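Asks: this one's structure only:
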C-alpha cells in the first residue's frame, strides 16, 4: 500500500532531521496540516532543577510544526514562533505534540501545537507562523 503524500513528505524530512531523531520523536499520525508526535523525556534533557529544559518542549513542538506545515506539499519554514510553558516535566514522562493548521494562505500559514502528557494534561502551548515557498516537495 502506497503511503500518503503527507507521510512521504515527513519521511523525507525526518531522514535528514538528526535533531528530531535525537529527541526520540515517534510519529503517531499525519495528514495535510496536521501531525501528532510522541517522545519520552530523558535525564540528559533536564536542567539543574531536575525538570525538562524549556528548549526540549519548544524543540518538540517546533518539530511537530515543521512536519504539519510541510505536509501539504510546499516547503515551509517558520518565521515566528512562541511557547507558553504551563507545567513542568520530569525524566521518564511521555509527552505528545499535536500540531494543527489554523489558517493556510498562498505564502503564510498559522499553526498551533498542544504539548500534553499521556493523560491529556496540557504542559505547553506553541504557536507558529510559517512562510510557504513556491518550491514543492519532490517525492519518489
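Replies: Arrived safely. Note that the structure is predicted; figures quoted are calculated from it, not measured.

Asks: just the strands in the chain please.
Replies: Taking DSSP state E as the test, the strands found in the chain are 26-31, 34-40, 74-85, 94-104, 108-117, 122-136.

Asks: mind checking the ones you listed for the one nearest to residue 9?
Replies: Minimum separation from residue 9 across the strands of the chain (Cβ to Cβ) falls at strand 26-31, 8.5 Å. All C-beta spots, glycine's among them, are computed from the backbone N, C-alpha and C.

Asks: that closest one pairs with which strands?
Replies: Strand 26-31 has the following sheet partners, assigned by DSSP bridges: strand 34-40 (antiparallel).

Asks: what's the angle from the strand it pairs with to strand 94-104?
Replies: 160 degrees (axes from the mean of the first three to the mean of the last three Cα atoms, to 10 degrees).

Asks: what residues of strand 34-40 count as buried?
Replies: Residues 34, 35, 36, 37, 39 are the ones in strand 34-40 that count as buried (16 or more other Cβ atoms under 10 Å).
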